[in-house]
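[1] build the 3D model from these lines:
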Amino acid sequence: MEEYLVEKYGNRVRVRVCGVLIERNRILLVKHVGLGNGAVFWAPPGGEVEYGISVKENLQREMLEETGLKVKVGKFLNVHEFINPPLHAVELYFKIDEAQGEVIKGIDPELKTSEQIIEEVRFVTFEELEIIPNKQKHQVLQNICRIEELFDLPPFF
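    Below you'll find the model as predicted:
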């Protein structure tokens with residue numbers, strides 16, 4: 001992992017908020033590069049919770065930054081603890097009820113232009129998700145038999 005990413009995100013516990021948006025049996029995912037020796041990493045959109053701003057407002061900001069979509073945040077789904085040293089995060093997952101706008105490849109405003117790790121943002125079918133190797137997708141996306149199972153995951157995992 002690049003040193004600037006370790007400095008920005010590593011060696012501490014971060015609280016993150018993530019959105020699960022499903023349309024026409026496809027899930028909106030962000031493809032990251034450079035997280036671990038140039039590795040590809042697919043995950044639902046989301047990011048760090050900023051102090052003094054509600055979790056739902058943080059998710060709306062993150063969705064807009066990463067995907068270009070204005071969203072209505074729905075029900076809380078679960079908590080996931082992501083540990084892959086030097087990264088450690090407690091992630092709060094919410095269902096996205098509505099989205100307005102066109103999907104774009106957004107940015108991470110905390111990173112310089114030359115340091116951006118978002119390579120692609122798009123809706124992915126379950127068949128496409130199955131083909132992606134587990135090491136290239138977030139743990140929340142692994143071992144599911146259909147996309148809707150994301151809404152039935154345990155409250156904490």
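[2] least trustworthy helix or strand in this structure by mean pLDDT?
    helix 3-9 (a mean of 85; mean pLDDT, DSSP states H and E).
[3] in CSV, list the C-alpha atoms belonging to that one.
    Extracted in CSV, the C-alpha atoms of helix 3-9 (Å, rounded to 0.1, in the frame of the first residue of the first chain):
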residue,chain,number,x,y,z
GLU,A,3,2.7,5.4,2.0
TYR,A,4,0.3,8.4,1.5
LEU,A,5,-2.6,6.0,1.9
VAL,A,6,-1.2,4.4,5.1
GLU,A,7,-0.6,7.9,6.4
LYS,A,8,-4.2,9.1,5.5
TYR,A,9,-6.2,6.0,6.4
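[4] and the very next helix or strand once past that helix, which residues are buried?
    Using DSSP states H and E, the helix or strand that follows helix 3-9 towards the C-terminus is strand 12-20. Neighbour-count burial for strand 12-20 flags 16-20 (criterion: 16 or more other CB atoms under 10 Å). Where you see a C-beta, it was placed from the backbone N, CA and C, and this is true even at glycine.
[5] please apply the same query to stretch 1-11.
    1, 5, 9.
[6] please apply the same query to stretch 98-111.
    99, 103, 106, 108.
[7] tell me how far the second one lies from Leu28.
    Computed with CB to CB, to the nearest Å, the distance linking Val103 and Leu28 is 7 Å.
[8] also the last one?
    The spacing between Asp108 and Leu28, counted by CB to CB, is 16 Å.
[9] swap in Leu150?
    12 Å.
[10] ditto for Val49
    From Val49 to Leu28 the distance is 20 Å (CB to CB).
[11] next one: Ile117
    Counting by CB to CB, the gap from Ile117 to Leu28 is 17 Å.
[12] which one of those two has more residues nearby?
    Just comparing Ile117 and Leu28: by other CB atoms under 10 Å the higher neighbour count belongs to Leu28, 23 against 17.
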